[in-house]
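**Q** Sequence unavailable; structure follows:
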């Protein structure tokens, strides 16, 4: 009952992606936020990155039902109006696709060749999953809470039709910041972001934040869905490892958004700007190197510390020497995590949080 | 030189207001946020209320210049690129038109009959005005800093053509959260919100946050512009007062956004939701009355405390008795300010922060 064998497929929604998005694939829709246009913490909803595995399902709020079953005392179905009438919560959170930065791995890993723009930040409003689980009476026999979306399709690597689904431990499912979200940046979700209801697992890579949620099943047995065990895991067959490690919290990371890689700049004062985030803890500091990573200087943090959202930072660079220059940034979170110099190569190309280097040219 | 006699008028911009906005007037564009659609703290930019006195000026970033003159050691002109290269800051702030809620005053006061939707919240990114004033060398002889917009038009009450302008004390002008803003909710300002550069005086009523800023003049003498002394002041001629008091910080206020006034509800548990804000301090608590204001019960605050942005709140109401019911909310800020039961009537109809009452019907 918690396999990923799907029922009949819903119709797919027609969405018109904002032309400013950086398109990765149209079918299914995968697109990056144009980071040089990201001026602040909030990503405007039309510029929020889109990650989909299948056609975007059309789910009407009127017809939507959330089924809770499995290891619960009171299996139930909720309508949209019933969900909206439950206590709500609003919080700011960055989501990053686990494959963000995959294109930076060498040799190239399997999967979509995401650049660095598969990360965005929004304000989310919804109902704590804990509230719904409490209504249903989650039982002690449950070891997993499986969240299924309405999106599905044939997966060649699986050799079958798969429905998107993920599981959480009861502890993570009951976390007060794991939400069944219905609004994003102050308005109802858009189809490509999970309308009418999606999950938000604040602080985790985006794969856990299942879109178009229609069913939640508490199970005794581990969930073996394709996107739980065959994808979104750190796999190291090159090391001879036969096991994999599931992805969870976003690793600490920083990116340079200004200037753009390859830009030619006038000599003189240049302001280098970027973003920094970590799923584990708020960002404590960001440092910048303009000499190939030998010396590091502190950047100014120009937005508030947030538990789950990225911070803006900037650095005043005296670009005095004409020619090529390599700019690097590195972030540290309040839990003491920092970024590695080299990415951790892994077969599926996830969680690349290595220090980014961009090269610019200072004119004469 | 700091009169509001304008130079030649710029062309007016063509904007297509979002059809969800509640239109107050089309020329000039004045429109309210549809508060029942406001789900969270952030107001999506297309739904942000618009207050204009004149046609929206077309100002290109390429041609834009910011002139700083008057009582400064180094008068200067900044280009847009020069402004963008200065240190930046990002913060969340609610703006409320001083006339918000004017329609609730009896007898009706002068001015646009705003309902309650002339208030919205956005994230703002820009340069501290202090940074620019420091560059120009604001002198001790300055008692006022006058900020002029590019918007202008004939004002019947003044009998002349007026340019929009406002002044701040040097202290408020140098406040670290008084910003020359170029981005709103993560992207460049839109024409109707002041593109390319507007002021944000965080915590104050919206009239201080001059849009389309082109000139900043430090003066020895008080500024006597129309929108400084003839509007946006508390005027009480009915009390025989010959003086007026300038409007500054937004008074503490709360609004009910759900259910809508006049709604018919099913008996049983109803969730009453709303927003609360204050320019003076973060919101400390919100209370709700369902019995005509006799008893008050605490509401839950469902978003984070913010210095300048409103908080979401909600209250679980057991709507047991069929018939009409009056719902009220009242907010208190951390400085101890609360809302009055009756509005302070004033000739120009500003700063109505009285406790709002809405009537709903509970069905049988």
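**A** Received, thanks. Predicted model only: the values in this text are computed from it and were never measured.

**Q** Contact residues of chain A facing chain B?
**A** Counting by C-beta under 8 Å from any C-beta of the partner chain, chain A comes close to chain B at A:37-45, A:47, A:85-92, A:121, A:123-125, A:182-183, A:185-188, A:269-271, A:273, A:300, A:302-304, A:312, A:314, A:316. In short, each C-beta sits where N, CA and C put it, glycine included.

**Q** Quick one: mark the members of the residues you listed that sit in strands.
**A** A:89-92, A:121, A:123-125, A:182-183, A:187-188, A:269-271, A:273, A:300, A:312, A:314, A:316 (DSSP state E).

**Q** Please produce a ChimeraX select command covering the buried subset of those.
**A** To isolate the buried ones among those in ChimeraX, judged by 16 or more other C-beta atoms under 10 Å in any protein chain shown, type:
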select /A:89,90,91,92,121,123,124,125,182,183,187,270,271,273,312,314
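
**Q** What segments of the stretch 201-350 of chain A are helices?
**A** A:226-229 (DSSP state H, counting those that start in this stretch).

**Q** can you tell me which residues contact the residue of it found nearest chain B?
**A** Per C-beta to the nearest C-beta, residue A:303 is where the stretch 201-350 of chain A lies closest to chain B, at 4.0 Å. Neighbouring residues of residue A:303 by C-beta atoms under 8 Å, 6 or more residues apart in numbering or on different chains: A:40-41, A:311-312, B:89-91.

**Q** Could I get the pLDDT score of it?
**A** pLDDT recorded at residue A:303 is 98.

**Q** swap in residue A:14?
**A** 76.

**Q** For it, which three-state class applies?
**A** For residue A:14, the assignment made with DSSP: H, G, I helix; E, B strand; the rest coil gives coil.

**Q** Residue A:359: how many residues sit nearby?
**A** Neighbourhood size, residue A:359 [other C-beta atoms under 10 Å in any protein chain shown]: 11.

**Q** quick one, what contacts it?
**A** By C-beta under 8 Å, 6+ apart, the contact set of residue A:359 is A:261-262, A:324-327.

**Q** just residue A:234 next, same as before
**A** Contacts of residue A:234 by C-beta under 8 Å, 6+ apart are A:244-247, A:344, A:346, A:348, A:350-351.

**Q** mind showing which ranges of chain A have poor pLDDT?
**A** A:1-10 (pLDDT under 70).

**Q** For residue A:179, which non-adjacent residue is spatially closest?
**A** residue A:126 (3.9 Å; C-beta to C-beta, 6 or more residues apart in numbering or on different chains).

**Q** correction: residue A:302
**A** residue A:312 (4.6 Å).

**Q** Next up, the contacts around the one you found.
**A** Applying C-beta under 8 Å, 6+ apart, we find residue A:312 in contact with A:40-41, A:273-275, A:301-303, B:88, B:90, B:125.

**Q** re earlier: farthest pair in the contacts of residue A:234?
**A** A:246 and A:344 (14.9 Å; C-beta to C-beta).

**Q** Residue A:299: neighbour count?
**A** Neighbour count of residue A:299, defined by other C-beta under 10 Å: 24.

**Q** Secondary structure element for residue A:134, which one?
**A** For residue A:134, the host element (DSSP states H and E) is helix A:129-136.

**Q** Just give the nearest non-adjacent residue to residue A:194, would you?
**A** Counting by C-beta to C-beta, 6+ apart, the residue nearest residue A:194 is residue A:211, at 3.2 Å.

**Q** List the backbone torsions phi and psi for that neighbour.
**A** Per-residue torsions, residue A:211: phi -90, psi 160 (degrees, to the nearest 10).

**Q** my guess is it meets residue A:149, correct?
**A** Yes - counting by C-beta atoms under 8 Å, residue A:211 touches residue A:149, with 5.4 Å between them.

**Q** shared neighbours of the two, which are they?
**A** A:164, A:194, A:198.

**Q** which of the residues you listed count as buried?
**A** A:164, A:194, A:198.

**Q** For the first one, which three-state class applies?
**A** Reduced to three states with three-state DSSP, the structure at residue A:164 is strand.

**Q** Against chain B, how distant is it?
**A** 25 Å (C-beta to the nearest C-beta, to the nearest Å).

**Q** Neighbours of the residue nearest to residue A:354 when sequence neighbours are not counted, how many?
**A** Residue nearest to residue A:354 in three dimensions, not counting chain neighbours: residue A:343, with 3.9 Å by C-beta to C-beta, 6+ apart. Applying other C-beta under 10 Å, we find 19 residues neighbouring residue A:343.

**Q** contacting residues around residue A:343?
**A** Contacts of residue A:343 (C-beta under 8 Å, 6+ apart): A:101, A:104-105, A:352-354.

**Q** Excluding residues flanking it in the chain, which one is nearest residue A:206?
**A** Per C-beta to C-beta, 6+ apart, closest to residue A:206 is residue A:95, 4.5 Å.

**Q** And the contacts of the helix or strand where that neighbour lies?
**A** Element membership of residue A:95 [criterion: DSSP H and E] is strand A:89-96. The contact list for strand A:89-96 (C-beta under 8 Å, 6+ apart) reads A:41-42, A:49, A:118-128, A:176-177, A:179, A:200, A:202-203, A:205-206, A:209, A:250, A:253, A:277, A:306-310, B:40-41, B:302-304, B:312.

**Q** Run the angle between it and strand B:89-96 for me.
**A** Counting by axes from the mean of the first three to the mean of the last three C-alpha atoms, to 10 degrees, strand A:89-96 lies at 150 degrees to strand B:89-96.

**Q** partner strands of strand A:89-96, parallel or antiparallel?
**A** If you go by DSSP bridges, strand A:89-96 pairs up with strand A:119-128 (antiparallel).

**Q** Just the buried positions in the one helix or strand residue A:161 maps to, please.
**A** Assigned by DSSP H and E, residue A:161 belongs to strand A:160-168. Within strand A:160-168, the residues that count as buried by 16+ other C-beta under 10 Å are A:162-168.
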